[in-house]
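[1] pasting the sequence and the predicted model now:
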Amino acid sequence: MAIMRNSRIPDAWLQEAMRTNPFRRIVDKATGQPLGSLTTCPCRLSYPSIFQPEENRLNPGGKGKYKATLLFPPNADLTLLQQEYQAAVQRLFPGVPRNSDGSYAGLWSPFKDQGAKSSADGYNPGAWAITVSTAFKPHVVDPSLNIVTDETRVYPGVWAIVAINTYKYGVSPPQPKKGVGFGMQTVMLIADDERLGGGGGLEPSKAFAGIQVQSNFSAAEAFSTMPAAGAGGFAIPQGGRPTGGQQFRPVEDDDVESLR
């Protein structure tokens, strides 16, 4: 069985990439001191809004954030990431008690089980995901550190290694949800893969198998005789439509760490 769902990346390549590029602390080359950031292991981007900020749905008209959900392979070792998160909680929320399941009382966990969205392309039961965000446009580079400006290079399903840090949210001003989130700093694109589609939808080849229509059928002519909106017809929705491949949205959308 393949390591990742909806992926054409060879398992051997992914295993080697994971072995040679685990989670790492970023250190100052001159001093050897940690800079408070990490690089992730290889992961896939889901719902990336990296070149343009995502619309702020909780505060329409407010400034949106640059975001992506990182899908880690099922065999990824997240020990260092978890350690950084726990250290951040102790530093930013001193004295907060832990629940019996290891979570922190009153704080929202940034770690999401991909199995909760297992019907969505690319989401893997038994694997973890986190959402990373930033108010500032991050740099995007290729493995040679060349700046990537072509927005089509960043799509749902592309493989990347991401530099991240931790931050506190929901405290000032007080919000219904608070905790420690992960900030997105820099993105390195490392491999192309299958573009991820909508949540749980069927592939067109499966959904429309057996459908037969006239190849020279003219939709424009057929619908030109339909009644106009307001005369018993159908009004055409105004405004834009979703783009970017994936279409589902979670019930929970807290603008920081939802699985998206």
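    That came through, no problem.
[2] list the contacts for the closest residue to residue 137 other than its chain neighbours?
    In space, residue 137 comes closest to residue 66 once its chain neighbours are excluded; the distance is 5.8 Å by Cβ to Cβ, 6 or more residues apart in numbering. All C-beta spots, glycine's among them, are computed from the backbone N, C-alpha and C. Neighbouring residues of residue 66 by Cβ atoms under 8 Å, 6 or more residues apart in numbering: 49, 50, 52, 53, 54, 133, 134, 135, 136, 137, 138, 184.
[3] give me every residue that touches the third one.
    Listed by Cβ under 8 Å, 6+ apart, the contact set of residue 52 reads 66, 151.
[4] identify, from the contacts of residue 66, the entry nearest to residue 21.
    residue 184 (17.5 Å; Cβ to Cβ).
[5] quick one, strands of the chain?
    Secondary structure of the chain (DSSP state E): strands at 24-27, 34-39, 43-49, 66-71, 112-113, 128-134, 139-141, 159-169, 179-191.
[6] now the ones you listed as CSV including mean pLDDT?
    Converted to CSV, those look like this (pLDDT from 0 to 100):
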stretch, mean pLDDT
strand 24-27, 95
strand 34-39, 94
strand 43-49, 97
strand 66-71, 97
strand 112-113, 96
strand 128-134, 97
strand 139-141, 97
strand 159-169, 97
strand 179-191, 97
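[7] got any ranges where the stretch 51-200 of the chain has weak pLDDT?
    For the stretch 51-200 of the chain, applying pLDDT under 70 flags the ranges 58-59, 198-200.
[8] let's see it at 50
    In the predicted model of the stretch 51-200 of the chain, residues 198-200 satisfy pLDDT under 50.
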